[in-house]
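K.L.:
Build me a model from this:
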Amino acid sequence: MATGDQVARAFIDALWELEGNRNADPIVGTYADDADIGNVVSPRTFTGQDGARDFWSRYRANFGEMRSEFRNVFATEDRAALEWTTKGTSPEGHPVEYEGVSLLEIDPASGAITRFRAFFDPSKLGRQLQQD
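P.N.:
As a prediction, the model looks like this:
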């Protein structure tokens, strides 16, 4: 049985692996087979580990270099809230910086993430990614 704090820490480590090495396997492994995954810019919901791979691979493709730093991590047995700032570059090398909050719902028995949502200002991020 994993605690919410342990799952949040594993998620952060897996995200850093995705950001630094473009390796989605660790972050995909944090999700349940029937997980519900989305954010404020995606018109669709992604489902399960296949959906997590698709979601995170698409996300990572929007950036050149990147690194997220976590200001606050709040966790209970079955939920976690992560406040973060991500800094990096667009694929063309322009500076990018945005901040937001991610919410995780966790199955305490398995330690898997069952629901993920990320909230941030999509217009600010979009302007930075669309620079010439």
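
K.L.:
how about T86, secondary structure?
P.N.:
strand (DSSP: H, G, I helix; E, B strand; the rest coil).

K.L.:
wait, doesn't it sit right on M66?
P.N.:
Yes - at 5.9 Å, T86 counts as touching M66 under the criterion of CB atoms under 8 Å. Backbone N, C-alpha and C define where each C-beta goes, glycine included.

K.L.:
between those two, what contacts are shared?
P.N.:
Residues touching both T86 and M66 by CB atoms under 8 Å, 6 or more residues apart in numbering: V96.

K.L.:
Find me the pLDDT at V41, would you?
P.N.:
pLDDT, V41: 86.

K.L.:
and it, how many neighbours?
P.N.:
For V41, the count of nearby residues is 13 (other CB atoms under 10 Å).

K.L.:
Confirm that it sits in a strand.
P.N.:
No - assessed with three-state DSSP, V41 is coil; it does not lie in a strand.

K.L.:
who's in contact with the residue most central in space within the chain?
P.N.:
Nearest to the mean C-alpha position of the chain, counting by CA atoms, centre = their mean, stands L15 at 6.4 Å. Taking CB under 8 Å, 6+ apart, we find L15 in contact with 27, 68.

K.L.:
And it, how close does it get to G88?
P.N.:
Counting by CB to CB, to the nearest Å, the separation of L15 from G88 is 13 Å.

K.L.:
Over to A118?
P.N.:
Relative to G88, A118 is positioned 16 Å away (CB to CB).

K.L.:
And for A8?
P.N.:
As judged by CB to CB, A8 and G88 stand 22 Å apart.

K.L.:
Settle it for me: which of these two has more neighbours?
P.N.:
More neighbours surround A8 than the other of A8 and G88, with 24 against 18 (other CB under 10 Å).
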